[in-house]
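>>> Take a look and give me a structure for this.
(one chain, ligands or ions: 1)
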Amino acid sequence: MADFAPQPVDPGRVDVDVGAGTLRPEGPTLVRRLSDLEGLFRDQDAWRRDVEDGDRVVYQVSSSRVPEEPRELPQSITTILPGTCGGELYMTKGHQHPDPQGEIYLGLAGTGGLLLHDGKRTEWVDMAAGVVGYIPPGWAHRSVNTGNEPYRFLAVYPGSAGHDYGWVVEHGMGSRVMRTDAGHRLVAWDG
Ligand SMILES: [Fe+2]
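Purely as a prediction, here's the structure:
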């Protein structure tokens, strides 16, 4: 006899609404504004000004109903709006999985990038619709919108992986991604 508990979600179909950035059946949605990204942008004076000047939404995460539980594979769609704060491109907070496990991101719309850092090395994956970015176990990851339209991707990750946002605050991501006339460039982390 198998010793695992019955699965809490029945097999079924999940519809991906690429235009709306949602999954159906729909689970919880999370909205991150500039004020939620305290201490993450390099230019803290610019960040304070932008928070006082409207506190714009930076990104939204819409989940399916698959729970974050061991052996499950939850899915979510993240939409990062275009924009900069102090010249740094809008991005997710970034996190490390406390239980190191892999994850995949599938680009759905717009252009962006996947920044990965393992504490020593930093990697960058250009992302667009149809591209899968692979996050190996042990690599912290952050997504960045490098374009002028919303950048949207589907994430599929192990339900027991967890999310440690403090790791990025403590260790950084190795590089920051800045807006340039030509698009974007990575600059070395300087705190
Ligand atoms: Fe993750």
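>>> how far away is the nearest residue to Gly86 once chain neighbours are set aside from Arg56?
With sequence-adjacent residues excluded and distances taken as C-beta to C-beta, 6 or more residues apart in numbering, Gly86 is closest to Asp43, at 2.7 Å. Bear in mind the C-beta positions are built from the backbone N, C-alpha and C, glycine included. Asp43 sits 15 Å away from Arg56, going by C-beta to C-beta, to the nearest Å.
>>> same check, this time on Arg121
From Arg121 over to Arg56 the distance is 32 Å, taken as C-beta to C-beta.
>>> Those two: who's more crowded?
Arg56 (14 against 9; other C-beta atoms under 10 Å).
>>> Quick one, grab the pLDDT at Gly12.
Looking at Gly12, its pLDDT stands at 85.
>>> Which residues are in contact with it?
Pro25 (C-beta atoms under 8 Å, 6 or more residues apart in numbering).
>>> burial measure for the nearest residue in space to Arg56 that is not next to it in sequence, as a count.
Nearest residue to Arg56, sequence neighbours excluded (C-beta to C-beta, 6+ apart): Leu34, at 5.7 Å. Using other C-beta under 10 Å, Leu34 is surrounded by 24 other residues.
>>> Ala109 too?
There are 18 residues near Ala109, going by other C-beta under 10 Å.
>>> and it, what is it in contact with?
Ala109 neighbours (C-beta under 8 Å, 6+ apart): 18, 129, 149-152.
>>> which one of these sits closest to Glu69?
Using C-beta to C-beta, Arg152 comes nearest to Glu69 of the contacts of Ala109, at 25.6 Å.
>>> May I have the residues that are in contact with the residue nearest to Arg56?
Contacts of Leu34 by C-beta under 8 Å, 6+ apart are 47, 50-51, 55-56, 58, 85.
>>> who wins for most neighbours among the residues you listed?
Val58 (25 neighbours).
>>> which helices and strands does the one helix or strand Ser143 maps to pack with?
According to DSSP states H and E, Ser143 maps onto strand 140-145. When contacts are defined as 3 or more C-beta pairs under 8 Å, 6 or more residues apart in numbering; DSSP states H and E, strand 140-145 packs onto strand 75-80, strand 111-117, strand 151-156, helix 166-171.
>>> wait, which of these is closest to Tyr105?
strand 151-156 (4.7 Å).
>>> Quick one: mean pLDDT for that closest one?
pLDDT averaged over strand 151-156 gives 98.
>>> other SSEs contacting it?
strand 75-80, strand 103-109, strand 111-117, strand 140-145.
>>> For the ones you listed, please prepare JSON lines with the additional fields distance to Thr180.
Conversion of the helices and strands packed on strand 151-156 to JSON lines gives the following (distance: least, C-beta to C-beta, whole Å):
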{"stretch": "strand 75-80", "distance to Thr180": "18"}
{"stretch": "strand 103-109", "distance to Thr180": "21"}
{"stretch": "strand 111-117", "distance to Thr180": "13"}
{"stretch": "strand 140-145", "distance to Thr180": "13"}
